[in-house]
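Enquirer: sharing a model that was predicted from the sequence below.
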Amino acid sequence: MKGPRLRKTEWNGQAVLEYEPPARQVEGEKSLMTRIVTAVAASGVIVMRNNVGVAKMAGGFVRYGLGPGSPDLICIVPPFGKFLGLEVKRPKRGRVEAHQERWHAMARRYGAVCGVVDSVEAALALVEEARRG
């Protein structure tokens, strides 16, 4: 078992040992998405994962998902069945691509709520926006 990490430093002319906190780990997109799905589903919203891609099959290629640029999470928000799209990005690291922005803009034109979220709080704020109609 490892003990606390200490580093040698100097204070007031004397050598001392100082506690070195562990390096802060940045949460990955997958664990962030799991926390968002759990919180949004607990609020009574239907949540579906939207994987997008192409698979090679025996007879050729098959495309799946709602298409390039579509959000990671597709939600149906009660009480009116409003469409909600959540694109999950890691805080300060995720970048929205141009084709994602176009998809979100198209969905908004037809009355959907669609946005990029980097936290559970941001996702729940969009859920509330969708609930208001």
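Expert: Yep, it's here. Because the structure is a prediction, the values reported are computed rather than measured.
Enquirer: return the set of residues that bridge with the residue sitting nearest the centre point of the chain.
Expert: Residue closest to the average C-alpha location in the chain (C-alpha atoms, centre = their mean): V88, at 2.4 Å. Beta bridges link V88 to V117, judged by DSSP bridges.
Enquirer: what distance do you get for it to E129?
Expert: Separation of V88 from E129 (C-beta to C-beta, to the nearest Å): 17 Å. (Glycine included, C-beta is placed from N, CA and C.)
Enquirer: so how far is G59 from the residue nearest to the centre of the chain?
Expert: For V88, the distance to G59 - C-beta to C-beta - is 33 Å.
Enquirer: just the residues contacting stretch 92-101, thanks.
Expert: The contact list for stretch 92-101 (C-beta atoms under 8 Å, 6 or more residues apart in numbering) reads 26, 29, 68-69, 71, 87-89, 116, 118.
Enquirer: which one of the residues you listed is nearest to N50?
Expert: P71 (6.3 Å; C-beta to C-beta).
Enquirer: surely that closest one touches C114?
Expert: Yes. The criterion here is C-beta atoms under 8 Å, and P71 meets it with C114 at 6.3 Å.
Enquirer: hey, what's in contact with both of these two?
Expert: With C-beta under 8 Å, 6+ apart as the test, P71 and C114 both reach 85-87, 103-104.
Enquirer: which of these lies closest to R35?
Expert: Using C-beta to C-beta, the shared contacts of P71 and C114 come closest to R35 at L86, 12.2 Å.
Enquirer: and that closest one, that one's in a helix?
Expert: No. Judged by DSSP: H, G, I helix; E, B strand; the rest coil, L86 forms no part of a helix; its state is strand.
Enquirer: who's in contact with it?
Expert: 36, 40, 71-73, 75, 114-117, 123, 126 are the contacts of L86 under C-beta under 8 Å, 6+ apart.
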